[in-house]
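*Asks:* quick one, fold the following:
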Amino acid sequence: MSKRSVNITMSAVLAAAALAVAVPAGAATTRGPLKDVRIAAHFDLAAGQLPENITVLPEGTAQVTFAAGRQVAQVGPRGTTRVLATLPAPAGGGTGTPALGFPLTTGIVRTSDGTVYVLYATGTADLTGLWRLRPGRAPQRIAALPANGLPNGLALDEHGDRLYITDSVLGTVWTVPVAGGTPTAWSTAPELASTGFLGANGAKVHRGALWVTNLDRGTLLRIPIGPGNRAGTPQVKASGMVGIDDFAFTGRGDEILAALDAPNTVVRIRPDGTVATVLDAADGLQNPTSIALLGDEVYVLSAAYTTGTDPNLLRARL
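*Replies:* The predicted structure is shown next:
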């Protein structure tokens, strides 16, 4: 997909974002609880390298999905980017993908044995779903998901050998074993629904619950995981964050860092639900989509969906 077509599509459905100024790689600032803020890697917008989701390996290498490129890539500690896999293009270009209009790779997680799981939305029944990537093997779809949905957030419960998948269009959380198979609708609670664009979005398993964001409603939800893997009643843990995408726990209890896409900010959400901005466009954010932590190292992806300037990987220390 061309840079122009991606920008037109995304601008039509996302709120206008303030144009951020690209920050040279290596530039550093100090901001709030984060320090040594710098752009660690710049990506190729024209090639569809709009980074959507991230997982970080123990040695600091990031694995990311490039939404419009249909790719999974690896970004080394020094910013070198290498494409690991490109998922097959749908017949006809996949313009029927709900809400966005182009085929895109979204959520990514990695298990301790090195297996990578990725979500792919195309608007076609033959490709939409959960894909598995193993070294030296071609990508394989291991669970089909509805073509009229938009699988987006992906969370791993490694203790339960289970994955949770948010559908931002259907307002559903699906669950499927890591071995693959037929997904089960785990929760269809009304709190997951959109108000016109995208609902349930980012997802993480944390302390006996699945935590989920809702982009349209600007909420952070906690859904208890009950006996027999039954979904409990969603609890709103924080609100007032329209445009919230994916997030990460800081390791300090229930404290969270979350990416707000259209507002071009990263916020810290305290356990009591209070929210404070810790990064913004002045730090180099270009529609941030997801966050990962490795110790006190913070990784933030910016997709430049509407800024159309500089998709990048930002790093900082907490």
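
*Asks:* look up how far L198 lies from T175.
*Replies:* Distance, T175 to L198, using C-beta to C-beta, to the nearest Å: 20 Å. The way it works is simple: take the backbone N, C-alpha and C, and place the C-beta from them, glycine included.

*Asks:* so which of those two has more stuff around it?
*Replies:* Neighbours per residue (other C-beta atoms under 10 Å) separate T175 from L198, with L198 holding more: 25 against 21.

*Asks:* what residue, apart from its backbone neighbours, is nearest the more buried one spatially?
*Replies:* S168 (4.0 Å; C-beta to C-beta, 6 or more residues apart in numbering).

*Asks:* my guess is that neighbour meets A203, correct?
*Replies:* No - here S168 does not reach A203: they are 10.7 Å apart, not a contact under C-beta atoms under 8 Å.

*Asks:* local confidence estimate at G96?
*Replies:* G96 carries a pLDDT value of 89.

*Asks:* surely T277 is in a strand?
*Replies:* Yes - according to DSSP: H, G, I helix; E, B strand; the rest coil, T277 belongs to a strand.

*Asks:* so who does P58 touch?
*Replies:* Residues near P58 by C-beta atoms under 8 Å, 6 or more residues apart in numbering: L294.

*Asks:* where's it, which helix or strand?
*Replies:* For P58, there is no host helix or strand (DSSP states H and E).

*Asks:* how close does it get to G295?
*Replies:* For P58, the distance to G295 - C-beta to C-beta - is 10 Å.

*Asks:* please apply the same query to L210.
*Replies:* Taking C-beta to C-beta, one finds L210 at 24 Å from G295.

*Asks:* those two: who's more crowded?
*Replies:* L210 (25 against 11).

*Asks:* and for the residue nearest to L198, the neighbour number?
*Replies:* 29.

*Asks:* got it, and D216?
*Replies:* Neighbours around D216, by other C-beta under 10 Å: 19.

*Asks:* report pLDDT for it.
*Replies:* 98.

*Asks:* next one: phi and psi at the closest residue to it other than its chain neighbours?
*Replies:* Leaving aside its chain neighbours, D216 sits nearest to T195 (4.2 Å; criterion: C-beta to C-beta, 6+ apart). Here is the backbone geometry of T195 (degrees, to the nearest 10): phi -110, psi 20.

*Asks:* from R82, how far off is T195?
*Replies:* For T195 relative to R82 (C-beta to C-beta), the value is 39 Å.

*Asks:* now the strands for the stretch 1-150 of the chain?
*Replies:* 29-31, 34-42, 51-56, 62-66, 71-75, 81-86, 104-110, 116-121, 129-133, 140-144 (DSSP state E, counting those that start in this stretch).

*Asks:* how far away from the center of its chain is stretch 185-203?
*Replies:* Centroid separation for stretch 185-203 versus its chain: 15 Å, with C-alpha atoms, centre = their mean, to the nearest Å.

*Asks:* okay, now the unreliable bits of the stretch 1-150 of the chain?
*Replies:* Confidence mapping of the stretch 1-150 of the chain against pLDDT under 70 gives the ranges 1-31.

*Asks:* picking up where we left off before, quick one: which of T195 and R82 has more around it?
*Replies:* More crowded of T195 and R82, by other C-beta under 10 Å: T195, with 12 against 9.

*Asks:* rewinding a little: overlap of the contact sets of S168 and A203?
*Replies:* G153.

*Asks:* what bridges to P288?
*Replies:* S302 (DSSP bridges).

*Asks:* can I assume it is in contact with A304?
*Replies:* No - the criterion here is C-beta under 8 Å, and P288 misses it with A304 at 9.8 Å.

*Asks:* and the two? Which one has more around it.
*Replies:* A direct count of neighbours by other C-beta under 10 Å for P288 and A304 places P288 higher, at 31 against 27.

*Asks:* could you pull out the helices for this protein?
*Replies:* 3-13 (DSSP state H).

*Asks:* run through the bridge partners of V173.
*Replies:* Note on V173: beta-bridge partners T166, S187, judged by DSSP bridges.

*Asks:* that one - how many residues pack around it?
*Replies:* Neighbours of V173 (other C-beta under 10 Å): 27.

*Asks:* S168 is in contact with A99, correct?
*Replies:* Yes - A99 lies in contact with S168 (C-beta under 8 Å); the separation is 7.0 Å.

*Asks:* what is in contact with these two at once?
*Replies:* Common neighbours of A99 and S168 (C-beta under 8 Å, 6+ apart) are L150, L198.

*Asks:* ok, the residue nearest in space to the middle of the chain to P33 distance?
*Replies:* Of all residues in the chain, the one closest to the mean position by C-alpha atoms, centre = their mean is N53, 3.7 Å from it. Distance, N53 to P33, by C-beta to C-beta: 23 Å.
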